[in-house]
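Colleague: One predicted model, sequence on top.
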Amino acid sequence: MLGGWQRSPDIFGGSSLVESDLMRSRSSHGRANVLLEYINKNYVSLNDDDMKKYGAEFRTVLDCIIQKMKEKNKKFNECYQRIFFAGSYWDGLKVGKPTEFDVDIVIKLPFIRNLIQETEKPRKEASQTTTKRTVKPTQFWQNVREILIICVNLHFCCITSYFTSMLISRLLESLLDCRRYLTQSQLRMWMESVLHQALGCFPQEGDSWVLYDEKQPGRQYMVKVRKSGPALTLNILLLDGFRMDVDLVPVIELRCSEHLPYHFKLQQYSDRHDTFFIVPKPNKRLPKADDCWRLAFHEQERAVLATYGAGIMKPVCRLLKKLRDTLDLPMLTSYYLKTLVMKVISEKEDDRFFRNSLVNLFVHMLVVLKHQLGLGSINYFWDENYNLLEECRREAVRHCYVRIKNVVEDIQKNIEMDPLVLARNILNDEEFRSLPLDIVEYA
């Protein structure tokens, strides 16, 4: 059995997981590998110059806004901890151009140790409450009544002694519902109001604010704000016409050693990363569940990818995402693909597997993806009792399975004689036609 993956019949009639012919032969597939590396560099990876330029522009706007938020709102200034750069750009998994950035605004609130608990739900009901990246099927997370009664009703004075001012106590009180539960909607509304207070410091033109860099006179940015799920998205227009979106998400930081149950497999990362975030992500299936929070383990996942992944598995993941986009399979979210890559990385006892060529590892991951879609299961990395695909329609999973299966069979059948089969599957028609003649002739 390869990498500890389950051997069982595919729900759509496919074969069980085996190593691809390429992996068993250990062939380097020189021409195919040169082609795949060219595709990765020129059609998938971000341009280094663009990353440097627009990354700096993004930081300038963000630093300016955060500073104004701290200046204009004393509560925010008290509870603000730091910004955490989340998402595929910061993981090194971004495909295309640096036009989208994810930023977590880390908020510190007075939680008391060991008083966040899990609430049991029947399996059928729980399958409707969970969202990807959160919890096991029979459980969901929320801030249960005990923690908030203790903090607010019974020992309100201990909060004021723990913090340097009453501001945080008042903020916490404003975020509670009538049952004394912490509510995500109130946190999002408060963050939106703070953001607008900050933007109000700048001149407004129509529905945009004109931000300027006080350190570099003459540099301006046009900024709009729109709501997007739990995020407030900044639409930023630069002077050269380049546009970028920055998602600002307020998150609350907790300690893994104090607030996570034993079945989350975080032990090997707890020494370096002993905190996680709860994110105010609305659950569309539970529109009234305002006290349910999504768990996020950004630092731990970054550590998994860095185990062996920095050198070779990140390009593999980016190629999978590019193929997903070319095939127009939006159901295969970036997090699903990242989860499969983390699974393969975590189950290797040494780095010999990762000495394979890029083409071998890419095809192997395609086989893994096909297999898991056939099973109808991509298990959550931190708690394998939870299947990320449970909330997906069976027809959508089957459609993805068939498309990926066809790609795997096409590549495995033709790659020996025709390495361009990789390009035909990964690139769209326009990109394929733009391949340089020397690359096409070499392949």
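Modeller: Sure, I can see it.

Colleague: same for the helix or strand hosting Asn360, what does it pack against?
Modeller: Under DSSP states H and E, the secondary-structure element containing Asn360 is helix 358-375. In terms of contact count using 3 or more Cβ pairs under 8 Å, 6 or more residues apart in numbering; DSSP states H and E, helix 358-375 is assigned the packing partners helix 21-25, helix 30-39, helix 313-327, helix 334-346, helix 394-414. (C-beta placed from N, C-alpha, C; glycine too.)

Colleague: I'd like these as TSV, with mean pLDDT and distance to Ser357 appended.
Modeller: Supplementary listing: the helices and strands packed on helix 358-375 in TSV, determined by pLDDT from 0 to 100; distance: least, Cβ to Cβ, whole Å:
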stretch	mean pLDDT	distance to Ser357
helix 21-25	47	9
helix 30-39	90	5
helix 313-327	94	11
helix 334-346	92	16
helix 394-414	95	14
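
Colleague: hang on, Thr275 packs against Leu254?
Modeller: Yes: in terms of Cβ atoms under 8 Å, Thr275 counts as a neighbour of Leu254; the distance is 6.5 Å.

Colleague: got a list of what the closest residue to Met342 other than its chain neighbours touches?
Modeller: Leaving out its chain neighbours, the residue that sits closest to Met342 by Cβ to Cβ, 6 or more residues apart in numbering is Val304, at 4.7 Å. With contacts defined as Cβ atoms under 8 Å, 6 or more residues apart in numbering, Val304 is in contact with Tyr269, Met342, Ile345, Ser346, Phe381.

Colleague: May I ask which two of these are separated the most?
Modeller: Tyr269 and Ile345 (12.8 Å; Cβ to Cβ).

Colleague: Show me which positions of the helix or strand encompassing Ile168 end up buried.
Modeller: Under the criterion DSSP H and E, the helix or strand holding Ile168 is helix 167-174. Of the residues in helix 167-174, those buried under the neighbour-count criterion (16 or more other Cβ atoms under 10 Å) are Leu167, Ile168, Ser169, Leu171, Leu172.

Colleague: now for that helix, which elements pack on it?
Modeller: helix 74-79, helix 156-162, helix 184-199.

Colleague: mean pLDDT lowest for which of those?
Modeller: When those are compared by mean pLDDT, helix 156-162 comes last with a mean of 37.

Colleague: Do you know the pLDDT at the residue nearest to Thr99 when sequence neighbours are not counted?
Modeller: With sequence-adjacent residues excluded and distances taken as Cβ to Cβ, 6+ apart, Thr99 is closest to Met244, at 5.0 Å. Each residue has a pLDDT score; the one for Met244 is 87.

Colleague: That's all I had, so thanks and see you.
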